[in-house]
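A.B. asks: Sequence and predicted structure below; questions after.
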Amino acid sequence: MSQHVVRGIEPTPRARKRFGQHFLHDPAVLDRIVAAVAPRADDALLEIGPGRGALTERLLEAPGRSLDAIEIDRDLSALLRMRFSAAPRFTLYETDALRFDYATLAQLRGRLRVLGNLPYNISTPLLFHMLQSIGAIIDLHVMLQREVIMRMAAVPGDPAYGRLTVMLFPWVSVERLFDVGPGAFQPPPRVWSALARLTVRAEPAFPVDPRYAQIVAAAFTHRRKILRNALRGLLDAGQIERCGVDPAARPETVPPHAYNALAGLATAAASGRLR
């Protein structure tokens, strides 16, 4: 395809720091991502942050019913429109992935298979935003900073276990697939990255209490505090024990279901149902 130049738009826009852009360019890594996703003919794919389109190109060569993409950078959006104007199943949304309505897109396409090299500077807020539309998603294949992937896949007692681990657990199972070095990106980041598969559970691991997020956030705001101090003002030591949890436990040792039990007790206490 011949390349057209639009006035004021660079043919290959530079990475912008404010968007946390590091463009994945290593062909072997790109091929491994597509192999991990293993697109099927009836898949509704959604790529977040396609950048210059290196992964997009491979996804359009693979099976799939539709490929939607979200790109906030207007220069990159212009480049993507030029590159893939002849691809009938490609649709680009020039918008912020943090504000995108995933549920509405799923009503149009069917449940989504989400993938992308996510900007590291918004990775956790973006994952939390997508949790609000988790019923619209089948799975996610995301490239993130390796330390973030370690937190996502951690188990109680691991140094990496934290708020992100506990918040994701009821909704998805997390599998760390492979690590990627800085040289696979342009410009290279200062850290290693990793690809993870998040598979949405057919049913939540447990019925999630409305105060689950509040309890988890309070517990991990000061990681070195023991639980009774971290949850002061929400639950006392006796109430924590009532849930079968040691009030002197560190937050990183408490499993997700126990946080949900604590949240349920806090909800009961707030409503006056606790006796």
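C.D. replies: Yep, that arrived. Given the structure is predicted, the values throughout are model-derived calculations rather than measurements. Residues are numbered from 1 along each chain as shown.
A.B. asks: So the residue nearest to Gly49 when sequence neighbours are not counted, which state does it fall into?
C.D. replies: Setting aside the residues directly before and after it, Gly49 is nearest to Gly116 in space (C-beta to C-beta, 6 or more residues apart in numbering), at 5.0 Å. To be clear about C-beta, it is placed using only N, CA and C from the backbone, and glycine gets the same treatment. Under DSSP: H, G, I helix; E, B strand; the rest coil, Gly116 falls in the strand class.
A.B. asks: What spatial separation is found between Gly116 and Phe90?
C.D. replies: Computed as C-beta to C-beta, to the nearest Å, the Gly116 to Phe90 distance reads 15 Å.
A.B. asks: My assumption is that Glu147 lies in a helix; please confirm.
C.D. replies: Yes. Under three-state DSSP, Glu147 sits within a helix.
A.B. asks: wait, doesn't it sit right on Val191?
C.D. replies: Yes. Contact criterion C-beta atoms under 8 Å: Glu147 and Val191 qualify, at 7.2 Å.
A.B. asks: ranges for the strands of the protein?
C.D. replies: Ranges of strands within the chain are 23-24, 44-48, 66-70, 90-93, 112-117, 137-145, 172-180, 185-186, 193-200, based on DSSP state E.
A.B. asks: In TSV, list those along with mean pLDDT, mean neighbour count and distance to Thr124.
C.D. replies: Listed next are the strands of the chain as TSV, based on pLDDT from 0 to 100; neighbours: other C-beta atoms under 10 Å; distance: least, C-beta to C-beta, whole Å:
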stretch	mean pLDDT	mean neighbour count	distance to Thr124
strand 23-24	90	21	20
strand 44-48	98	24	14
strand 66-70	98	22	17
strand 90-93	98	19	22
strand 112-117	96	24	15
strand 137-145	97	21	9
strand 172-180	98	16	14
strand 185-186	90	18	20
strand 193-200	98	20	13
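A.B. asks: For Pro251, which of the ones you listed is the nearest?
C.D. replies: Closest approach to Pro251 among the strands of the chain is made by strand 172-180 (18.9 Å; C-beta to C-beta).
A.B. asks: can you give me the angle the closest one makes with strand 112-117?
C.D. replies: If you take axes from the mean of the first three to the mean of the last three C-alpha atoms, to 10 degrees, strand 172-180 sits at 30 degrees to strand 112-117.
A.B. asks: Show me how the record splits this protein into domains.
C.D. replies: Segmentation of the chain into domains, based on automatic domain parsing, reads 17-200, 212-271.
A.B. asks: how about low-confidence regions in the stretch 101-250 of the chain?
C.D. replies: Of all residues in the stretch 101-250 of the chain, none has pLDDT under 70.
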